[in-house]
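**Q** This is the structure alone, sequence omitted:
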């Protein structure tokens with residue numbers, strides 16, 4: 001294995017599953033509508049964070065998540081009684097991890113890598129989500145875009161992370177399942193690894209990731225030199 005690295009992990013979609021809210025939403029709206037709402041909620045959440053950053057505006061991620069939920073409900077023509085679901089953003093504090101998350105992080109830490117989180121979530125959102133899975137102590141640093149006042153994939157966020165860690169940006173590796181995040185990090189000068197959880201093709205708008213794997217377990221094997229990265233496009 002090469003020398004240990006500094007690995008920065010995206011949270012939503014990489015370590016925890018935002019689309020898993022379809023179970024709770026299905027209880028309120030029916031299974032099909034719950035799945036549609038989960039997908040649209042996530043899409044609007046990401047879209048709104050992009051738009052705010054492009055406009056030079058900022059609202060924290062809990063605000064963005066709440067507005068995205070309200071607008072997704074409206075777009076799908078759904079209605080909900082306040083007594084049924086008063087705090088949709090609380091679901092984000094209790095998102096389940098992917099099956100490989102805990103074991104993958106633990107083994108990477110045992111290999112000597114320094115682990116950090118770099119997320120668009122607020123500090124409280126990140127902390128709550130990790131604490132609910134007993135993962136807080138795995139990470140040396142939790143870094144939030146909230147401290148920057150801009151969202152990934154803005155280069156400001158990745159450069160801020162390098163400043164916080166006190167390392168040259170090209171010594172840091174971002175681990176994310178979101179292509180926009182990987183492209184943003186690589187454009188800013190970071191090493192990258194794409195966790196292709198959905199088995200899809202990588203976006204062609206930017207340079208491909210340095211490493212592509214299907215899981216954190218596979219990532220560990222690649223970093224140890226025991227496994228060849230998977231192609232950037234699904235076969």
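**A** Good, I have the coordinates. Here the structure is a predicted model, which is why all the values come from computation and not from measurement. Numbers count the residues shown, from 1 in each chain.

**Q** hey, let's count contacts and neighbours off CA atoms from now on
**A** OK.

**Q** which residues of this structure fall in helices?
**A** Taking DSSP state H as the criterion, the chain carries its helices at 22-29, 31-54, 61-75, 101-110, 123-131, 155-165, 179-188, 216-223.

**Q** Among those, show me which one is buried the most.
**A** Highest mean neighbour count among the helices of the chain (mean count of other C-alpha atoms under 10 Å): helix 179-188, with a mean of 23.

**Q** Give me the neighbour count for the nearest residue to residue 130 once chain neighbours are set aside.
**A** Nearest non-adjacent residue to residue 130, counting by C-alpha to C-alpha, 6 or more residues apart in numbering: residue 136, 5.2 Å away. Residue 136 is flanked by 18 other residues according to other C-alpha atoms under 10 Å.

**Q** and what of the one 3 residues further on?
**A** Residue neighbour count, defined by other C-alpha under 10 Å, stands at 18 for residue 139.

**Q** For it, list the residues it contacts.
**A** The neighbours of residue 139, taking C-alpha atoms under 8 Å, 6 or more residues apart in numbering as the test, are 114-117.

**Q** Repeat that for residue 171.
**A** By C-alpha under 8 Å, 6+ apart, residue 171 lies in contact with 5-6, 190-191.

**Q** which one among these gets closest to residue 65?
**A** Distances from residue 65 to these, taken as C-alpha to C-alpha, are shortest for residue 190 (27.2 Å).

**Q** shaky segments in the protein?
**A** For the chain, the stretches with pLDDT under 70 are 1-2, 82-86, 226-235.

**Q** domains of it?
**A** Per automatic domain parsing, the structural domains of the chain span 6-16+96-223, 19-93.

**Q** how long is the last one end to end?
**A** Using C-alpha to C-alpha, to the nearest Å, the end-to-end distance of domain 19-93 comes out at 13 Å.

**Q** coming back round to it: using CSV, please lay out the helices of the chain together with distance to residue 87.
**A** Rendered in CSV, the data for these read as follows (distance: least, C-alpha to C-alpha, whole Å):
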stretch, distance to residue 87
helix 22-29, 12
helix 31-54, 14
helix 61-75, 8
helix 101-110, 26
helix 123-131, 13
helix 155-165, 28
helix 179-188, 27
helix 216-223, 31
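
**Q** From residue 79, how far out is the closest residue to residue 101 other than its chain neighbours?
**A** In space, and not counting its chain neighbours, residue 101 is closest to residue 15: 5.6 Å by C-alpha to C-alpha, 6+ apart. According to C-alpha to C-alpha, residue 15 stands 31 Å off from residue 79.

**Q** more neighbours, those two?
**A** residue 15 (26 against 11).

**Q** hang on, isn't that one packed against residue 97?
**A** Yes. When contacts are counted by C-alpha atoms under 8 Å, residue 15 is listed as touching residue 97 (5.6 Å).

**Q** rewinding a little: in JSON lines, list the contacts of residue 139 along with distance to residue 180 and neighbour count.
**A** Formatted as JSON lines, the contacts of residue 139 follow (distance: C-alpha to C-alpha, whole Å; neighbours: other C-alpha atoms under 10 Å):
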{"residue": "114", "distance to residue 180": "23", "neighbour count": "18"}
{"residue": "115", "distance to residue 180": "21", "neighbour count": "22"}
{"residue": "116", "distance to residue 180": "19", "neighbour count": "21"}
{"residue": "117", "distance to residue 180": "17", "neighbour count": "24"}
